[in-house]
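>>> coordinates for the following, if possible.
(chains A and B)
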Amino acid sequence: MTANRQYCTFFVDDLFFGVEVHEVQEVFRFEPMTRVPLAPPVVRGLINLRGQIVTALDMRARLGLMPRGGDTPPMNVVVRTDDGCVSFLVDEIGDVLEVDDAQFERPPETLTGVARELVRSVYKLRGRLLLVLDVTRTVARCATAASG
Amino acid sequence: MGEMDEVVKEFLVESHENLDQLDRDLLKLEQTHDDADAIKSVFRTIHTIKGTSGFLGFSKLESLTHGAENLLSRLRDQTIAMNQDIATALLRTTDAVRRMLASIESTGGDGVETDDALRGTLAQLNAPTPATDDDGPTMSPTTPVGEILILQGKVKPEDVELARELQEAGDTRRVGEILVESEVIKPSELREALEQQASIRQKETPVSETNVRVDVALLDRLMNLVGELVLARNQILQFNNSIGRQDSQFASTSQRLNLITTELQEGVMKTRMQPIGMVWNKFPRIVRDLANSVGKRVGLHMEGKATDLDRTIIEAIKDPMTHIVRNSIDHGIESPAERERRGKPAQGTLSMRAFHEGGQVIIEIADDGGGIDPERVKAKAVSKRLITAEQAARMTEREVLNLIFLPGFSTAETVTNISGRGVGMDVVRSNIEKIGGTVDITSRVGEGTILKIKIPLTLAIIPALIVRSAGERYAIPQVNLLELVRLEGEEAVKGIESIHGSEVHRLRGNLLPIVRLNEQLALEAPGAPRPDVVNIVVLSADDRQFGLVVDHVMDTEEIVVKPLTKALKGIGVYAGATIMGDGQVALILDTFRVAQRANVVSESRERSRTLAEARSSANHARETLLLFMAGPSRMALPLDQVHRLEEFPRRSLEQAGDDVVVQYRGEIMPLIRLARLFAHRGEAAAGGDTTSDTVQVVVHRHDDRFVGLVVDRIVDIVDEEVTTRAANARRGVRATAVIHAKVTEILDVQAVARDAFGATSALTSMGGAA
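Numbers count the residues shown, from 1 in each chain, chains lettered A, B, ... in the order given. This is a model prediction of the structure:
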C-alpha cells in the first residue's frame, strides 16, 4: 500500500526542501519585521501576521549556509508548531508536489552538517532530490540556542 | 458513551459548585447551630449528589453521602442538634466527596478509598442518642411564620408560644396549622404570611435564572479578538489623523468605532472578571481547620468580597494569599492563653479586605497578633548572613520588615508543618510580582501585621510607555514607571557621573544607578541621536530604582500583551510583544529582568554577602566604593554606607559648641571634616576646604541619626576587587588598599561616627554640669 503525500516546496541556496502541506499555514512575500536584540542570529525578527506574532527564522543561517546575496527579499513560509507560528525565510517558493512513498529514502550519508540533523527523509524526484524538513527540530534547536 | 461523559462532566461541575456552597453553609451552621435554611441547603446538596452518584453507578460516593444524608435529615427534623462533632464529621464528608469527585474526573471511577472510619463516625453520630442533652443551644421550633403573624398583628405572642408548647408536647403539626386549626387566624391570613415568608426567602437566594454558564476558553478567545479589534481601532485612528481632516464623515465614523470598541473591550473584560469572593470562600474553612490544628481561636472578617478581578489574576493570587493567611495564623496570632495574658480577646481576628483604587486592586490581609519584632528580624537576617550587622543597623523599620521577603528567611522559632519549610514569603512576593503586583508589609509589635497586595485589574491589556532606542520601539509597562527625567545641554554631560562600569545620576540627592538600554540590548550605538539630550526613564524593580537611558520617549498607550515563543522567552529581558498602531511589532521589556541583567537588582544582596565574607575571613573582595579626597588623603567608603551625597552652601553651616553642624531634613546633622580629622601633625587644618562657597558632604546614617562627612572632592565610584595591603593603619581607617594603582584608605565610618557622637554627647553632658 502506498500513500501519497503533499509537500510545500522551497529553495534555500541550491537545496530543495519540502514541508508537509498540513504543517504550512501560509506563504507570503517578505514583510518588514521587528528585530529582537539578544536573540540568536537565526531569529531575524517578529512579524505581525493579522494580529498574530510570528517569529521569523533565517533558513540560510539555520542551515549554516552563506548569507543571501543580492537584493531579492526572502519569502516567508509560515509553519504551525506547538509553540505558535514560525516563519521560515527562504530564497524562493516552489510548487506543491505530490510524492509517492515509493520514492522515499533515508537521508544519504553524503548529506552532512546541520542539514543532516534537520532532514527527515529524501525523495528521489526526477532530476533532483526533495529534502523533507523536520519542522519540530528546525524550530526546537533554535530554542536551545537561545537559552544557551 | 459520549453522552454519558457529558452527563458525568455536568455532574462534576455542578457538584463542585455545590460543595463550595456546602462548606459555607456548614461553617455558618457551626456558628449559629440553628439556621434552618442552611441545614436545608446542605441536605439538598448531599441529597442531589447521593441521587446522581447512585444513578451514575458511583457506589462508594453514594454510600458515603447516604450516611451524611441520614444525619442531615435528622438535623433538619430537629431530632438531633448541631454540635462541633457533627460539623467536623460533615466537613470531613465534603472533603471525602471532593476526593472522590477528583478521582472520577481523573480516572472515571470513584476511587478505592472506602472511608470506613468516616462512615462509622457518621453512623455513630446518627445513633438515636438524646442529643438534646447537649449543652449547646437546641433548634428553636419557632418558625418565622409565627413571627411574621405577630409582626402583622394577626396573633398575640402568647398564641405562638402556646402552639410551640403543643409542638414540644408531641404535636407534629406546624405552628401555622395549629393556629388555623385552633381558629386563632384565618387560613387566608396564614397564606398571606407564608407568601410573605417566601418572598423574603427569595430575596435572600441568588437569582440563578439570569446567569448562563460560559466556557472559559470561549471568553479567552473573545478577549483575544477584542485585543485584535483594539489594534485595528488604533490603526484606523492613526489613519483618521492623516485623512480625517478632509473627510469629516470618516472622522465621525472612526470616532464612533473608537467608542464602541472601548465599551466592548470593557464589557468583555468584565465577563472575565470574577469576584475575589470566589477564592475567599475557601478561607473560612482553611482558617477554621488551621486554627483548630494549632490550638488557636481565630475569627475571620471579610470585606469587599464582590471586588472584581481578572480570572487569570484570581488564579495567580490564590496561593500567595493562602500562604499569607497560613503565616498569620501560624506565626502571627497568639494562643488564647497568650492573648489573654496580653489583655486581648482570646479569639484573634484575621481580616481580609479588597477594594479598587486607581485602576488597581488592593488586598489587605491583617491580623491582630503579636506583630513582627524588627529586632528579631534583624538578628535572624544577620545570623543567616542575608545582611551584615552594619547594614542592619542602618535600615529603617520598613526596610527591616521587608527582609522577610528575602529567600531563605523564616522568623518562626520552630518550623511547623503548616507554614512549611523552604517555601517562604520570597515565593509570595515573586508570585505577586510576576503578575505585575507589589506587596508591602507593616507591623506593630503586640498589635498585629498588615500585608498589602496591589495588583493590576487585568493582564491582557496594559498601559505602557513606548520608548525608542536604536531605531526600534519598546514598551515599558507603566506599573514599573516612576518618572521621566530629561537632561539637556550641560546637564546631559554632567548629569551622569563616574563612568567606571557603573554610572549614576543624582536624582534629588539620591544616587540612581544608570542603565543604558542600547548597551543592555547590545544595540549598535547610533552615536546618541542628540548628544545634548539624555532621556532617563526612572523605573522600579524589586524595591530598587534605576534609570534606563533611552534614545527617545514617545507616548503612553494601551497595549495588548502577546506571548513570545519559547525560543525568545529564553532571552529573559522581554515580557512579551505587542502590535503598535502602525501594524509593526514592538517588544515589551521586562523591567525586573533588565535590572537583573544590568546587575542593579541582585547587586545589593550579593554585595552584602561579599561584605560579610570580607568581614569574617578573606581580606580581599569585590566592593562598590565611593572614592573621595579628604585633604591630601585619597579615601574610599563602601557605597552602601553612603546615604546621600549633598552639597551645602558654606553659609548654612553653623557652630554648636565645638562642632560644626548643618540643618538637614529636620535634624541637626553634625559635620565631620575628614581632612581635619586625619590631618597629620604640622598640616593641621590645611587643605583647600575654605576656599569654595560650598562644601561637599557624604551623608551617612548612624544609629538613626545623620552624620555628614565633609570631603574635598568626590573622585569616582568604582567596583573593585579590593586587596587590603595593611589593616588598621590609623584610627578611623578600616584598611588601606590599592585602588586604581593608588593607595587609598578605606574609611571606618562606624568608628568615625561613634567618635563624633561620643564627643557630642560628652560635650552636652559637660555643658549640663557646668
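
>>> and chain A, which of its residues are near chain B?
A:32-40, A:43, A:45-48, A:50-51, A:53, A:55, A:83-84, A:86, A:139, A:142-143, A:145-147 (C-beta under 8 Å from any C-beta of the partner chain). C-beta: built from backbone N, CA, C; applies to glycine.

>>> any idea what the most centrally placed residue in chain A is bridged to?
Centroid-nearest residue in chain A, with C-alpha atoms, centre = their mean: A:F88, separated by 5.0 Å. Under the criterion DSSP bridges, A:F88 forms beta bridges with A:L57, A:V77.

>>> and it, how far from A:V12?
For A:F88, the distance to A:V12 equals 8 Å [C-beta to C-beta, to the nearest Å].

>>> overlap in contacts, those two.
Contact criterion C-beta atoms under 8 Å, 6 or more residues apart in numbering or on different chains; residues shared by A:F88 and A:V12: A:M59.

>>> report the buried residues of stretch A:39-46.
Across stretch A:39-46, burial judged by 16 or more other C-beta atoms under 10 Å in any protein chain shown covers A:39-40, A:42-46.

>>> kindly report the same for stretch B:370-389.
Buried residues in stretch B:370-389, counted by 16+ other C-beta under 10 Å: B:370-374, B:377-378, B:380-382, B:386-388.

>>> can you give me the helices for the stretch 1-150 of chain B?
Assigned by DSSP state H, counting those that start in this stretch, the stretch 1-150 of chain B shows helices spanning B:2-32, B:36-56, B:59-76, B:84-107, B:116-126, B:144-151.

>>> got the angle for the fifth one vs helix B:59-76?
Right, the one you point to is helix B:116-126. Orientation check (axes from the mean of the first three to the mean of the last three C-alpha atoms, to 10 degrees): helix B:116-126 against helix B:59-76 gives 20 degrees.

>>> equivalent analysis for the second one, please.
With the same axes, to 10 degrees applied, the angle from helix B:36-56 to helix B:59-76 works out at 160 degrees.

>>> flag every buried residue along helix B:36-56.
Buried positions in helix B:36-56, judged by neighbour count with 16+ other C-beta under 10 Å: B:38-39, B:41-50, B:52-53, B:56.

>>> contacts for it next, please.
So helix B:36-56 is contacted by B:7-8, B:11, B:14-15, B:18-19, B:21-22, B:25-26, B:28-29, B:32, B:59, B:61-62, B:65-66, B:68-69, B:72-73, B:75-76, B:82, B:90, B:93, B:97, B:110, B:139, B:201, B:204 (C-beta under 8 Å, 6+ apart).

>>> PyMOL command to pick out the buried ones of the residues you listed?
Per 16+ other C-beta under 10 Å, the buried members of the contacts of helix B:36-56 correspond to this PyMOL selection:
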select buried, chain B and resi 8+11+15+18+19+21+22+25+26+28+29+61+62+65+66+68+69+72+75+82+90+93+97+110+139
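
>>> and the buried residues of stretch A:39-46 as CSV, adding distance to B:M302 and secondary structure?
Putting the buried residues of stretch A:39-46 into CSV (distance: C-beta to C-beta, whole Å; DSSP: H, G, I helix; E, B strand; the rest coil) gives the following:
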residue, distance to B:M302, secondary structure
A:A39, 47, coil
A:P40, 50, coil
A:V42, 53, coil
A:V43, 48, strand
A:R44, 53, strand
A:G45, 49, strand
A:L46, 44, strand
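
>>> and of those residues, the nearest to A:G127?
A:V42 (30.4 Å; C-beta to C-beta).

>>> settle this for me: that closest one is touching A:D58, isn't it.
Yes. A:V42 sits in contact with A:D58 when judged by C-beta atoms under 8 Å, with a separation of 5.9 Å.

>>> thinking again about what came up before, can you redo the buried residues of stretch A:39-46 as CSV with pLDDT?
Output for the buried residues of stretch A:39-46, formatted as CSV (pLDDT from 0 to 100):
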residue, pLDDT
A:A39, 87
A:P40, 85
A:V42, 89
A:V43, 90
A:R44, 90
A:G45, 92
A:L46, 93
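
>>> let's see which of the buried residues of stretch B:370-389 end up in helices.
Per DSSP state H, helices hold the following members of these: B:374, B:377-378, B:380-382.
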